[in-house]
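Chemist: quick one: sequence and predicted model below, then my questions.
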Amino acid sequence: MKRTNLIPIVNLSLLSTAVLACINGFAAESIVTGDTSFEIGESIQVVGSRFIDASRALTSVDRLSGNLVQTAEIDYAWQLAGQLPGVLLTEFNQGTTSGKLSFRGFNGEGSVNAVKLLIDGVPSNTNDGNMPFVDMLFPIDIEAVEVIRGTTDPRYGLNNIAGNVAFATRSSGNYLESRLSAGSYQSYQGQVALGIEQNNFTQNYSLGYKDKHGYREHAQLERFALSGKWGYQLTQDFHIGASARHYQAKAEEPGYLTQEMAYTKPQASNDYNQTDRDSRDISQFSLSADAKLSEIAQWSSLVWLNQYQDDRFVKFSENASQQNRFTQEKHYGGSSVLTLTPHFESLNAFLFELGLSLEKQDNISKRYYTVEREITAKIRDQAYDLTVTGVYAQSMIEPTPWLRITPSYRLDWIDGSFHNVLSDSRAEINDYGTIKQPKLAIAVLPTQALTVFANWGKTFQIGTNSGAYLIPPRQVDLKPSINEGWETGIKYRPMADLNVRLAWWQQTATGEFRRKLNDPLGDFDNLGATKRKGLDLQISWTPTQDISLWGAFAWQQAQIKTPDPSTPELAGNDIDHIPNRIFSAGIDYQLTRQLDLTAQLRTQSDYYLTTENNQSGYGDFTLLDLTTNYALNSKTKLTLQLQNLTDEYYEYVWWDGSQTLHSPGQGRSLTASVYFKY
C-alpha cells in the first residue's frame, strides 16, 4: 500500500464506522454518536438490513424520507434522487428508457454505470449496470431512499464502483391509503397501499398505475406495478419474510431532435420515430430471515430472483437504421451476514461482521435491423452467464469514546461464459483473479456535536455484456479496473435543528472501461486512467417549528489522466456529460395546521458532449418546483404541484459523431392530487 494513499486518513487521524446504533433490529446502545448522514424530510429510523448505520459507515450517507417521497408527482422513481446532495440525473425522456441517477463524477450515459441499486436489500442492476428495476416502485410504497457515496462500503462488490443507492419500501403497520392524480399533458395516476399487522404476521401490498400522453408528440406511456410483502415473527428472536413484485410498461419514444428543431419545436417528434416504442416486463421475488442468536450475535440472510425482459424499437437519427433491441435476463443469488458485538474491558465498543454473497446471471441479448418494426437483418444474438462470488469482513474498534476505527476487506471472484449464436463461437470470462478491496474508515469525536471523519477504499469495475469475456482478437485476459478513493470531512450538529456536513473526496481508476453503446458486439473502449475529485457541502436548518430549509452544493471534476495509447490527445480532458456544479435546495413552510407550502430548486452547470472536449455549452438548467398541501381533515389531503415554474427550456444532448441530438425536458406542468387515508 502506498503511503500517499493514506494521507487523508493519517492527517486527520480518522475514519471508521461509528458503529451500528441499530443493525438488523439489534441496538448497540453504547454507540450513539458519529452519525455522518444527511437527511431530507422527517427523521428516518435505521432498522433492519435495509439501511446502513451512518455512524458505522463514516462516509457521505444521504436519505430522503417517506413524507417527501410519497407525495411526489413523478414519472419514474429514480427521479426522486434528484433531491439528494450531489446526485446527477440524466434524463433521456425516451419512453421506458427514461433516465438514471449517478454521482461522484460519473455520468448517466450508460457507458459506465457506477452505482449499485438495492430494492429492500435485493441487488437490482441489469448486466450492463443500468437500473430499470427501480421503475417497479411507485411513490406511495416507498418508505425512504438512501445514497451511500464513496468506496468504503464493503457490503457490495459488483457495480458498487462509486457507491450505492437503496430504496426501502413500506413494511409492517396498519393502513389503507390511496392517491389519485391528474395533470398537464394528459397525465393520470392512481396508487393504493395497504398494510395489515396482526399478532406476529404482517402484510403490505401496493398497486400503481400511470397513463400519460407526454410533453412531446409520440410520447404516450402506460405503467402498472403490483407488489406484496409478508413477514412473520416466529419467535421473539427469529423473523422471516417474503416479497413479490411485478411491473409492466409500454411506451412510445419521441426520439431525438436536431438542434434547430429542438429550439423551435421542442414538443415535436420526427416522422421517422413514429414506429419507435418499447415494452418492458420485470419481476422480483425474495425470501429473508433474521435471527438474534445471542446477546452478542445476530444473523441475517436474503435470497432473490430477478427477471427482466425488454423489447425496444429505436431509431436515433434520420440516417441511422431502426433497431429492435431485445433483452432477457434472469438474476438470482443470496447473501448472508453474521454480526458480533462482544464486550471487551479494554475497549469502549467493538463489532465484527462477516458477509457472504452470490450473484448469478443468465442473459440473452438480441438485436435486429428493422424498417417500421419489420425485421430486415439480425445483427446480434448472444447468450452469456456471469457469476460473482464475494466475501467481506469488517471490524469496528472503539478504543476510547472519541476514536473509532473501522477496517474492512472484501474479496470477489468472477466466473462465466459467452456464446455468440450468430457465429456459433464461445468464450470464457476474463481471468480477473481474486479482486482485493481493502477499506478503512476512521472518526474522531471531540464532542457529541462534531464528527471528523475520513475513509479510504478500493472498488472494482469489470466489462459488461460481451466486454467481460476473452473474445478474439483479444488474447490476453483483461484485469479489472481498480477504483481507489478517499474522503475527509466533518459533520457538525450543534443543535437538533441545525445540521452541517462538509466533505472533500477523490477517486481514481487504473483503466476505465467504457461500454460502446451502439456496438453490435456489445464491446467496450478503454478510456484510460481517470481521476475524479470534488467538494460536497450540505446544510439543513429548522429555525422554527413551521419552517425548515436545506441546501446541498457539489463541485466535481472528472478527467482522463492517462488515456489509451491510441488516443494520446485526450490526456487532461474532462469526461463527457459531467457538470462541474450541482445544487439543490428546498424550503418547507407550515402556513397553518392545514396548509403547508414547499419550494424545491435544482440546478447544474453545463458539460462537454465528448471526451474530445470540442462540443460544449449544453446541459445547464435551473428548475423550480412549488407544492402546496391542504388537509381537508385527518383522512383527506389535497395537493397541487407546479413543476418547472419558470417554464425553462432544458434538455439532454448527445453527439452522434456528426451532429448534436437533443431531447427537450418537460415544460411547465400542473398536477392536482387527492390523498385518502381510510
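Modeler: Alright, I've got the coordinates.

Chemist: tell me, how many residues neighbour the residue nearest to Gly66 when sequence neighbours are not counted?
Modeler: Nearest residue to Gly66 in three dimensions, chain neighbours excluded: Glu143, at 4.7 Å (C-beta to C-beta, 6 or more residues apart in numbering). All C-beta spots, glycine's among them, are computed from the backbone N, C-alpha and C. Residues near Glu143, counting by other C-beta atoms under 10 Å, number 21.

Chemist: repeat for the one 5 residues further on
Modeler: Neighbouring residues of Ile148 were enumerated by other C-beta under 10 Å; the total is 28.

Chemist: so how far is Tyr649 from it?
Modeler: 34 Å (C-beta to C-beta, to the nearest Å).

Chemist: likewise for Ala599?
Modeler: Going from Ala599 to Tyr649 by C-beta to C-beta gives 21 Å.

Chemist: could you export the host helix or strand of Arg602 as PDB, CA atoms only?
Modeler: Assigned by DSSP states H and E, Arg602 belongs to strand 595-604. The C-alpha trace of strand 595-604 is given here as PDB (Å, rounded to 0.1, in the frame of the first residue of the first chain):
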ATOM      1  CA  LEU A 595     -51.800  24.200   4.800                       C
ATOM      2  CA  ASP A 596     -48.100  23.800   4.000                       C
ATOM      3  CA  LEU A 597     -46.100  25.100   1.200                       C
ATOM      4  CA  THR A 598     -42.900  23.700  -0.300                       C
ATOM      5  CA  ALA A 599     -40.400  25.000  -2.800                       C
ATOM      6  CA  GLN A 600     -37.600  23.000  -4.300                       C
ATOM      7  CA  LEU A 601     -34.700  24.200  -6.600                       C
ATOM      8  CA  ARG A 602     -32.400  22.100  -8.700                       C
ATOM      9  CA  THR A 603     -29.600  23.500 -10.900                       C
ATOM     10  CA  GLN A 604     -26.500  22.300 -12.600                       C
END
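
Chemist: partners of the helix or strand encompassing Gly534, with directions?
Modeler: Secondary-structure element containing Gly534, defined by DSSP H and E: strand 524-544. When pairing is defined by DSSP bridges, strand 524-544 lines up against strand 498-515 (antiparallel), strand 547-562 (antiparallel).

Chemist: so of the ones you listed, which one's packed in deepest?
Modeler: Most buried of the strands paired with strand 524-544, by mean neighbour count (mean count of other C-beta atoms under 10 Å): strand 498-515, with a mean of 20.

Chemist: including mean pLDDT and distance to Glu359, could the strands paired with strand 524-544 go into a markdown table?
Modeler: Shown next, in a markdown table, are these (pLDDT from 0 to 100; distance: least, C-beta to C-beta, whole Å):
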| stretch | mean pLDDT | distance to Glu359 |
| --- | --- | --- |
| strand 498-515 | 95 | 19 |
| strand 547-562 | 96 | 27 |
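
Chemist: turn these into CSV, including distance to Gln248.
Modeler: Listed next are these as CSV, based on distance: least, C-beta to C-beta, whole Å:
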stretch, distance to Gln248
strand 498-515, 27
strand 547-562, 35
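
Chemist: contacting residues around the residue nearest to Gly66?
Modeler: Gly66, Val69, Ala168, Thr169, Arg170, Ser171 (C-beta atoms under 8 Å, 6 or more residues apart in numbering).

Chemist: element containing the last one, please.
Modeler: When you say that, I think you mean Ser171. Going by DSSP H and E, Ser171 is not part of any helix or strand.

Chemist: for it, give me the pLDDT.
Modeler: Per-residue confidence (pLDDT) for Ser171: 92.

Chemist: circling back: Ala599 and Tyr649: which is more packed in?
Modeler: Ranked by neighbour count (other C-beta under 10 Å), Ala599 and Tyr649 place Ala599 first, with 17 against 13.

Chemist: looking at strand pairing, list the partners for that one.
Modeler: Note on Ala599: beta-bridge partners Ile587, Leu626, judged by DSSP bridges.

Chemist: against Ile587, how distant is it?
Modeler: Using C-beta to C-beta, Ala599 is found at 5 Å from Ile587.

Chemist: closest one to Glu91 among the strands paired with strand 524-544?
Modeler: Ranking the strands paired with strand 524-544 by their distance to Glu91 (criterion: C-beta to C-beta) puts strand 547-562 first, at 17.8 Å.

Chemist: now find how far off-centre the closest one is within its chain.
Modeler: From the chain centre to the centre of strand 547-562 is a distance of 16 Å (C-alpha atoms, centre = their mean, to the nearest Å).

Chemist: keeping just the C-alphas, turn it into CSV.
Modeler: The C-alpha coordinates for strand 547-562 follow below in CSV (Å, rounded to 0.1, in the frame of the first residue of the first chain):
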residue,chain,number,x,y,z
ILE,A,547,-40.1,26.4,8.7
SER,A,548,-37.4,24.0,7.6
LEU,A,549,-34.7,24.7,5.0
TRP,A,550,-32.0,22.6,3.4
GLY,A,551,-29.4,23.1,0.7
ALA,A,552,-26.7,21.0,-1.0
PHE,A,553,-23.8,22.1,-3.2
ALA,A,554,-21.4,19.8,-5.1
TRP,A,555,-18.4,20.7,-7.1
GLN,A,556,-16.8,17.9,-9.1
GLN,A,557,-14.3,17.3,-11.8
ALA,A,558,-13.7,14.1,-13.8
GLN,A,559,-10.6,13.9,-16.1
ILE,A,560,-8.7,11.5,-18.2
LYS,A,561,-5.2,11.3,-16.7
THR,A,562,-3.5,8.6,-18.8
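
Chemist: let me know the angle separating it from strand 595-604.
Modeler: Between strand 547-562 and strand 595-604, the angle comes out at 20 degrees (axes from the mean of the first three to the mean of the last three C-alpha atoms, to 10 degrees).

Chemist: residue contacts, the nearest residue to Pro85 once chain neighbours are set aside?
Modeler: Excluding the flanking residues, the one nearest Pro85 by C-beta to C-beta, 6+ apart is Ala552, at 3.4 Å. By C-beta under 8 Å, 6+ apart, the contact list for Ala552 reads Phe38, Leu84, Pro85, Gly86, Asp536, Leu537, Gln538, Ile539, Phe583, Ser584, Ala585.

Chemist: gap between Ala552 and Leu302?
Modeler: 31 Å.

Chemist: pLDDT weak spots in the chain?
Modeler: Scanning the chain for pLDDT under 70 picks out the ranges 1-32, 43-50.

Chemist: dead centre of it: give me the residue that sits there.
Modeler: In the chain, the residue lying closest to the centroid (C-alpha atoms, centre = their mean) is Val165, at 3.9 Å.

Chemist: ok, that residue to Asp62 distance?
Modeler: From Val165 across to Asp62, the span is 9 Å (C-beta to C-beta).

Chemist: so what sits against both of these two?
Modeler: Glu146, Val147.

Chemist: Arg277 is in contact with Gly95, correct?
Modeler: Yes: counting by C-beta atoms under 8 Å, Gly95 does reach Arg277; the two are 6.6 Å apart.

Chemist: give me the more crowded residue out of the two.
Modeler: When neighbours are counted by other C-beta under 10 Å, Gly95 and Arg277 differ, and Gly95 comes out ahead with 26 against 20.

Chemist: do you know which of the strands paired with strand 524-544 lies nearest Thr627?
Modeler: When those are compared by C-beta to C-beta, strand 547-562 sits nearest Thr627, at 13.8 Å.
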